[in-house]
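Trainee: Next come a sequence and a model predicted from it.
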Amino acid sequence: MMELRDVTKTYDQGRRTVQAVRGVSLRIVGGEFVSIMGPSGSGKSTVLHLLGALDTPSSGAALFDGRDLRAMSDRERSHLRRTRIGFIFQFFNLLPTLKGGENVALPLLLAGKSRGEARKLAEASLERVGLSDRIDHFPEEMSGGEMQRVAIARALVTNPEAVLCDEPTGNLDSVTSEEILTLLRGLPESGRCAVVMVTHDAYSASYADRIVHIRDGRIESEVRKHNIGARGQESGIKDQESRETVQDTGIAPSRAASVRPDA
Ligand SMILES: Nc1ncnc2c1ncn2[C@@H]1O[C@H](COP(=O)(O)OP(=O)(O)OP(=O)(O)O)[C@@H](O)[C@H]1O
Ligand SMILES: [Mg+2]
């Protein structure tokens, strides 16, 4: 449903240009949970932005549901992002002057829904993340984990086909992180929603079905895990044994064993 075909992305930084992405091909299908890992500056966020139509390639093609993003106008791309993709960021990006419910309702209001309907759907979305009781609280009255759950509710309120997350637990303690990861893990299982999550952390990445390692703007390796679904979680994805059920995709055999907490 989302695809990059031999994509490059070059940024002008004053006098110099930076090649943030140097020929990445990646396909995400509905119902899949993919993690993107790699060192700082390796191009992870850029790849996520290209997948989510927040940015367009310098060369190569980025497709959403088979449609080339370059063939769309800015308006169409923005409509696509608002209605079919949810975004979750490290620092939550909630509007401080809006209450929880209003933050969640915002994408619907922007998409032209009535206040009443937006409020109703926002309530349902907050309920889905277990936060019905924060609908009338401002972000500053919430914990980090609560703010991130509101951000997830906001990302889900349009019932998107894809949820893209950039370091969603980067600012949370480990217990709260687990709650958020469990919530994200549940999304593909309860529908065809695809989740793509950028993370530095191998433990967080281990929640995914597939881990893509990026280095210097290229895909260095890709590992696919089997038996990691909802039941995989329950049966202890945390322990070393299940980490070693990581199976090579055949793309880079030498990296198959590198999905460890220290990787
Ligand atoms: N809007 C931009 N303008 C100019 N350069 C940019 C822009 N966005 C990213 N870059 C550059 O592209 C490269 C890749 O950046 P990117 O943000 O994708 O890395 P990252 O892997 O997400 O890093 P981090 O883990 O630190 O978030 C970096 O050298 C960065 O400075
Ligand atoms: Mg980044």
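Mentor: Yep, that arrived. Ligands and ions are numbered 1, 2, ... in the order given.
Trainee: which residues touch the residue lying closest to Gly170 once chain neighbours are set aside?
Mentor: In space, Gly170 comes closest to Gln90 once its chain neighbours are excluded; the distance is 4.2 Å by Cβ to Cβ, 6 or more residues apart in numbering. Just so you know, the C-beta spots here come from the backbone N, C-alpha and C atoms, and that holds for glycine as well. Counting by Cβ atoms under 8 Å, 6 or more residues apart in numbering, Gln90 makes contact with Asp166, Glu167, Pro168, Gly170, Asn171.
Trainee: How much space separates Ser221 from Ile36?
Mentor: According to Cβ to Cβ, to the nearest Å, Ser221 and Ile36 sit 12 Å apart.
Trainee: Bridged to Val223, which residues?
Mentor: Ile211, Asp248 (DSSP bridges).
Trainee: Surely it is in contact with Ser206?
Mentor: No: at 10.3 Å, Val223 and Ser206 do not qualify as touching, with contact defined as Cβ atoms under 8 Å.
Trainee: my read: Glu3 touches Leu26, true?
Mentor: Yes: counting by Cβ under 8 Å, Glu3 sits close enough to Leu26 to count as a contact (7.1 Å).
Trainee: ok, these two, which is more surrounded?
Mentor: Neighbours were tallied for Glu3 and for Leu26 using other Cβ atoms under 10 Å; the higher tally belongs to Leu26 (21 against 18).
Trainee: For the more buried one, what is the enclosing helix or strand?
Mentor: Secondary-structure element containing Leu26, defined by DSSP states H and E: strand 16-28.
Trainee: for that strand, packing partners?
Mentor: Strand 16-28 sits against strand 2-13, helix 44-51, strand 59-64, strand 218-225, with contacts defined as 3 or more Cβ pairs under 8 Å, 6 or more residues apart in numbering; DSSP states H and E.
Trainee: Can you list the strands that that strand pairs with?
Mentor: The strands beside strand 16-28 in its sheet (DSSP bridges) come out as strand 2-13 (antiparallel).
Trainee: gap between the partner strand and the chain center?
Mentor: Centroid displacement of strand 2-13 relative to its chain, using Cα atoms, centre = their mean, to the nearest Å, is 18 Å.
Trainee: what does the average pLDDT come to for stretch 209-218?
Mentor: Per-residue pLDDT over stretch 209-218 has a mean of 97.
Trainee: next one: stretch 8-23
Mentor: When pLDDT is averaged over stretch 8-23, the result is 94.
Trainee: Can you check the distance spanned by that stretch, start to finish?
Mentor: According to Cα to Cα, to the nearest Å, stretch 8-23 extends 5 Å from its N-terminal end residue to its C-terminal end residue.
Trainee: Next one: it, is it in contact with ligand 1?
Mentor: Yes: for stretch 8-23, a contact with ligand 1 is found by Cβ under 6 Å from any ligand atom, at Tyr11, Gln13, Val18, Ala20.
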